[in-house]
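1. Below are the sequence and a predicted model; questions follow.
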Amino acid sequence: MKVAHIITGLGVGGAEQQLRLLLRHLPARCDVFTLTAPGAVAEGILADGHRVTHLGMGGNCDVTVLPLLVQLIRDGGYDLVHTHLYRACLYGRLAARLAGVRAVIATEHSLGEKAIEGRPLNLGVRALYLAAERLGSSTVAVSDTVARRLRCWGVPASRVHTVPNGIDASRFRFDPALRAATRARLGIPEGAFVVGGVGRLVPGKHFETLLRAVSVLPDARLVLAGDGPERDSLHAIASVLGAVDRVHLLGECDGTVAASGGGGEWEIPGVLAAMDVFVSPSSEESFGLAVLEALAAGLPALYVTCPAVDDLAPEEAPGARRIGTGVPQLSALLREYQKAGAGRLPVPPVVERYDIARSAERLMALYHSATGTTPQLPAPATPAVAPASAPTPSTLPLTTR
């Protein structure tokens with residue numbers, strides 16, 4: 001089976017890294033098309049041996065990419081088109097239909113209660129979303145929570161399928177040597193109490209709440225893995241609170257693989273190993289992948305919202321604990337962990353439930369259902385990237401259109 005994956009962008013982000021991880025486990029020949037700037041994840045997908053084509057889209061209303069994408073889909077002879085993220089789902093579904101591909105699946109990664117990928121869920125966004133959804137074969141929700149939201153929006157239940165995000169749990173298994181090495185690089189003493197978080201530094205993640213909570217704890221350190229527009233603001237808050245020397249803003253980190261392309265200076269397994277407690281203060285999540293990775297690393301994981309955990313029975317994730325949004329309550333809770341001392345927890349059952357291989361199997365079942373095919377061995381893929389306008393995109397470097 002030959003599949004075209006269309007995504008809005010390939011910088012470091014949850015949906016982008018999830019696509020890369022899935023590609024490693026899908027028994028299909030897959031090419032990737034990114035509408036906007038290819039970033040670190042694009043380089044990683046290339047290193048894994050998949051073709052990546054950058055369309056050079058100039059903005060949300062740059063409709064010039066549509067005929068180009070239609071032609072690329074036709075020329076590629078794809079059996080199925082799979083779209084990811086809002087803008088790519090709009091353009092990708094329409095392009096697939098115009099190209100004559102009827103098997104079109106879209107994954108909904110980021111549908112919240114009030115926003116989708118930072119866009120307020122107004123009537124216009126909702127109407128456009130529902131109109132485009134009808135052009136596809138089905139829509140994949142990354143959690144039961146997202147599936148319920150889709151049905152409440154008016155997407156027919158028969159068209160909604162839950163295929164949860166997944167992780168490669170072995171990547172996050174706690175390693176004492178990695179903990180010591182990461183702390184040494186950061187200049188953090190082995191006995192120091194370290195609180196951490198992972199995610200884009202954007203307003204909805206509320207990392208300023210975590211920073212304020214940690215700042216009042218004597219000698220506690222805060223490690224944040226991720227980058228975004230709130231970085232300077234967080235640094236300024238740390239300075240005002242007199243905690244700048246105890247706050248480590250690491251920038252983009254690679255959570256997919258080690259040393260095989262596309263990674264930043266820091267890798268998530270090492271960052272998690274250096275922590276004693278993980279906190280996700282985000283007020284809205286469609287899955288909560290970072291919480292799951294923390295649990296796989298044996299960390300206590302405190303979170304405001306995490307559908308990956310909340311959709312299950314409590315015994316599935318005994319190390320996870322739901323918290324409120326207030327700074328004093330979080331500070332008091334972290335102080336309890338600080339007094340109790342560091343210690344790793346057993347990896348909970350929820351981690352095995354969300355193994356990436358299981359997610360890939362469920363997704364392939366949808367592929368076969370949509371195309372009316374039966375499972376078969378994948379054809380070998382040739383590593384390649386090309387500009388979107390190239391007629392033979394097998395040997396050219398990654399470029400803009």
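-> Sure, I can see it.
2. Any regions of this structure where pLDDT drops low?
-> Scanning the chain for pLDDT under 70 picks out 118, 254-264, 342, 376-401.
3. how much space between residue 225 and residue 22?
-> Distance from residue 225 to residue 22, counting by Cβ to Cβ, to the nearest Å: 21 Å. Yep, even glycine has a C-beta here, placed from its N, CA and C like the rest.
4. do residue 295 as well
-> Residue 295 sits at a distance of 20 Å from residue 22 (criterion: Cβ to Cβ).
5. So for the two, which sits in the more crowded spot?
-> The residue with more neighbours, out of residue 295 and residue 22, is residue 295; 32 against 21, by other Cβ atoms under 10 Å.
6. The more buried one and residue 344 touch, don't they?
-> No. Using Cβ atoms under 8 Å, residue 295 makes no contact with residue 344, being 11.1 Å away.
7. which residues touch the closest residue in space to residue 179 that isn't next to it in sequence?
-> Of all residues not flanking residue 179 in the chain, residue 273 sits nearest, at 4.1 Å (Cβ to Cβ, 6 or more residues apart in numbering). Counting by Cβ atoms under 8 Å, 6 or more residues apart in numbering, residue 273 touches 174, 175, 176, 178, 179, 182, 297.
8. In TSV: these, plus secondary structure, neighbour count and distance to residue 366.
-> Formatted as TSV, the contacts of residue 273 follow (DSSP: H, G, I helix; E, B strand; the rest coil; neighbours: other Cβ atoms under 10 Å; distance: Cβ to Cβ, whole Å):
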residue	secondary structure	neighbour count	distance to residue 366
174	coil	16	34
175	coil	14	35
176	helix	9	41
178	helix	18	36
179	helix	22	39
182	helix	22	38
297	coil	27	30
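9. with the residues you listed in mind, which one is nearest to residue 141?
-> Nearest to residue 141 out of the contacts of residue 273 is residue 297 (Cβ to Cβ; 26.0 Å).
10. show me the contacts for that closest one.
-> With contacts defined as Cβ under 8 Å, 6+ apart, residue 297 is in contact with 172, 173, 174, 269, 272, 273, 275, 278.
11. How about residue 201?
-> Going by Cβ under 8 Å, 6+ apart, residue 201 touches 207, 224, 226, 227, 228, 229, 230, 231, 234, 249.
12. buried residues in the lengthiest helix in the chain?
-> Longest helix in the chain, counting residues (DSSP state H): helix 356-371. By 16 or more other Cβ atoms under 10 Å, the buried positions in helix 356-371 come out as 356, 359, 360, 361, 363, 364, 366, 367, 368, 370, 371.
13. Is residue 5 bridged to anything, and to what?
-> Beta-bridge pairing of residue 5 under DSSP bridges involves residue 32, residue 82.
14. Same question for residue 301.
-> According to DSSP bridges, the partner residues bridging residue 301 are residue 278, residue 320.
15. Let me see the contact set for it.
-> Residue 301 sits next to 278, 279, 280, 291, 294, 295, 317, 319, 320, 321 when contact means Cβ under 8 Å, 6+ apart.
16. May I see the residues you listed organised as CSV, with distance to residue 333 added?
-> As requested, those are exported to CSV (distance: Cβ to Cβ, whole Å):
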residue, distance to residue 333
278, 13
279, 9
280, 13
291, 16
294, 15
295, 17
317, 17
319, 14
320, 13
321, 8
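17. List only buried entries from the residues you listed.
-> So, of the contacts of residue 301, 278, 279, 280, 291, 294, 295, 317, 319, 320 end up buried under the neighbour-count rule (16+ other Cβ under 10 Å).
18. Can you tell me which of these is closest to residue 332?
-> Set against residue 332, the nearest of these by Cβ to Cβ is residue 279 (13.2 Å).
19. can you count the residues close to the residue lying closest to that closest one once chain neighbours are set aside?
-> The shortest distance from residue 279 to any non-neighbouring residue, by Cβ to Cβ, 6+ apart, is to residue 302 (4.7 Å). By the measure other Cβ under 10 Å, the count of residues near residue 302 is 25.
20. these two touch, right, residue 302 and residue 319?
-> No. With contact defined as Cβ under 8 Å, residue 302 does not reach residue 319; the gap is 9.8 Å.
21. Quick one: residues contacting the nearest residue to residue 249 once chain neighbours are set aside.
-> Spatial nearest neighbour of residue 249, chain neighbours left out: residue 224 (5.4 Å); criterion: Cβ to Cβ, 6+ apart. Counting by Cβ under 8 Å, 6+ apart, residue 224 touches 196, 197, 198, 201, 207, 210, 234, 247, 248, 249, 250.
22. Residue 351 touches residue 292, doesn't it?
-> Yes. Assessed by Cβ under 8 Å, residue 351 is found in contact with residue 292 at 6.7 Å.
23. quick revisit: which members of the contacts of residue 297 are positioned in helices?
-> Short answer: these in helices (DSSP H) are 269, 272, 273.
24. helices or strands next to the helix or strand encompassing residue 195 in the packing?
-> Secondary structure assignment for residue 195, by DSSP states H and E: strand 194-198. Packed against strand 194-198 by the contact rule (3 or more Cβ pairs under 8 Å, 6 or more residues apart in numbering; DSSP states H and E) you find helix 207-215, strand 221-225, helix 268-274, strand 277-280, helix 289-296.
25. go with 7 Å
-> Helices and strands touching strand 194-198, by 3 or more Cβ pairs under 7 Å, 6 or more residues apart in numbering; DSSP states H and E, are helix 207-215, strand 221-225, helix 268-274, strand 277-280.
26. any residues touching the last one, and which ones?
-> Meaning strand 277-280. 195-197, 210, 288, 290-291, 294, 299-304, 306, 334, 337 (Cβ atoms under 7 Å, 6 or more residues apart in numbering).
27. let's see it at 8 Å
-> Under Cβ under 8 Å, 6+ apart, the answer for strand 277-280 is 193-199, 210, 213, 272, 288, 290-291, 294, 297, 299-306, 323, 330, 334, 337.
28. so what's the residue lying closest to residue 16 once chain neighbours are set aside up against?
-> Nearest residue to residue 16 in three dimensions, chain neighbours excluded: residue 41, at 4.3 Å (Cβ to Cβ, 6+ apart). Residues in contact with residue 41, defined by Cβ under 8 Å, 6+ apart, are 10, 11, 12, 13, 16, 17, 19, 20, 256, 262.
29. Noted, bye for now.
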